[in-house]
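Participant: model the structure of this input:
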Amino acid sequence: MLDLGRLQRLKLSARPLGQRIIARFVLYPNFYLPRRVKIRLEGAEKIPKEPVIFAMNHTDRYNYWPFQFELWRTMNRFTATWVKGKYYENEMMGRFMQWTNNLPTVSRGYIVTRDFINVLKRRPTDAEYEVLRQRVDRAVRAATGEVVAAVEDGPQSADLTKVLTLGRDMLGRPFKPEVEDYGVAVLGLFDAMMTRFLELHTEAFAKGLDLLVFPQGTRSIRLSKGHIGISQVALAYDRMIVPVGCSGSDKCYPGGNPLAKGGEIIYRVGEPITREELARFRPAAAFVPFSPSAEVVHREAFQGLVDVVMDRINGLVDAPYQYAEDRSSEGVSGSKRFV
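Facilitator: Purely as a prediction, here's the structure:
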């Protein structure tokens, strides 16, 4: 599973052996030897030579593999890629993810869900998850300086009471309910994990790696509204964002099989969002990415930037992949998103 210790042990490679082995011995034979898959990378000349943040739509499990393959084959570039923390749940899968430079994204939802499973050996129901998230959200509001009145949760099950009051190791951080609230403990763990997550970004850019992000946050054929994480990293690290539209990959990867079926995958690279454009959204004062105060005070700017990113991706994908009418995601919801 993903815990604080696992994050602290993660290391990145400038030329990740895992990516090179997958490219040479899995992707090259799959794409070229049977001539089954045609990959078109359009607009590659727009990619700056310095490390950038690629922002791509996420239609299927593997739609970043052909893109990484073309970056390696034609430009000798490698990436560190955001993936959900749940892909580090299985030990062998976690090793593979680390081996191929995948950065597990940290979320309060993952912490709530994984910790619940650790305590009760089952996934929380939607109602249980909502109660726990409300506790965490109160802690977040309090951390921003908002005066938050104590709220009685009302009658609750023995299972929820256990989660809220049992002292334990919470994914690498002690939870002592006699001295802190459950929501405060989750927020403290999130801050510690996010500190390490950001250190890995510093390491990635220093090694010359590009960062590959799916701003939608989950797989969806139709493009949906973007999340603000990419904005915070781009502004904090002063990195240009390069939008990439992917069309056709879901037809080549219709399920969980990592070997693509025949077809054509088109990657269209858009104009980079330059530092001059980033300046329109950059807060006047320094901020800590993913901190409660930054996400409250600067949310409008962060959302404004990711909206620009998503609009550009929308213009780079074929019609079946463009925005849903209400810009909602077709991906999973509730605690199933996290574990």
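
Participant: Leu103 reaches Glu199, doesn't it?
Facilitator: No. Contact criterion Cβ atoms under 8 Å: Leu103 and Glu199 do not qualify, at 10.8 Å. Heads up, the C-betas are built off the backbone N, CA and C, glycines and all.

Participant: what about the two, which has more around it?
Facilitator: Taking neighbours as other Cβ atoms under 10 Å, Leu103 and Glu199 compare with Leu103 leading, 24 against 13.

Participant: residues in contact with Glu178?
Facilitator: Taking Cβ atoms under 8 Å, 6 or more residues apart in numbering, we find Glu178 in contact with Gly167.

Participant: now it: how far from Val112?
Facilitator: Separation of Glu178 from Val112 (Cβ to Cβ, to the nearest Å): 21 Å.

Participant: can you pull the poorly scored residue ranges out of the stretch 1-150 of the chain?
Facilitator: In the predicted model of the stretch 1-150 of the chain, residues 149-150 satisfy pLDDT under 70.

Participant: all helices of it, in order?
Facilitator: Taking DSSP state H, counting those that start in this stretch as the test, the helices found in the stretch 1-150 of the chain are 4-9, 17-22, 28-31, 65-75, 91-99, 108-120, 126-143.

Participant: next one: the stretch 151-300 of the chain
Facilitator: For the stretch 151-300 of the chain, the helices defined by DSSP H, counting those that start in this stretch occupy 158-165, 182-206, 229-237, 249-252, 275-279, 292-297, 299-314.

Participant: averaging pLDDT over each of the ones you listed, which comes out lowest?
Facilitator: Ranked by mean pLDDT, the helices of the stretch 151-300 of the chain bottom out at helix 292-297, with a mean of 93.

Participant: list the helices and strands that one packs on?
Facilitator: Applying 3 or more Cβ pairs under 8 Å, 6 or more residues apart in numbering; DSSP states H and E, one finds that helix 292-297 contacts helix 126-143.

Participant: which residues are contacting the helix it packs on?
Facilitator: Counting contacts by Cβ under 8 Å, 6+ apart, the residues outside helix 126-143 that touch it are 108-109, 112-113, 116, 124, 148, 151, 153, 156-157, 159-160, 163-164, 181-184, 186-187, 292-293, 334-335.

Participant: now do 6 Å
Facilitator: For helix 126-143, contacts defined as Cβ atoms under 6 Å, 6 or more residues apart in numbering pick out Arg108, Val112, Val148, Leu160, Tyr182, Gly183, Val184, Val186, Leu187, Pro292, Gly334, Ser335.

Participant: I'd like to know which of these are buried.
Facilitator: Among those, those classed as buried by 16 or more other Cβ atoms under 10 Å are Arg108, Val112, Leu160, Tyr182, Gly183, Val184, Val186, Leu187, Pro292, Ser335.

Participant: turn these into TSV, including distance to Pro34.
Facilitator: Listed next are these as TSV, based on distance: Cβ to Cβ, whole Å:
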residue	distance to Pro34
Arg108	45
Val112	45
Leu160	54
Tyr182	54
Gly183	54
Val184	56
Val186	49
Leu187	51
Pro292	51
Ser335	40
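
Participant: if anything else comes up later, I'll come back, but that's it for now.
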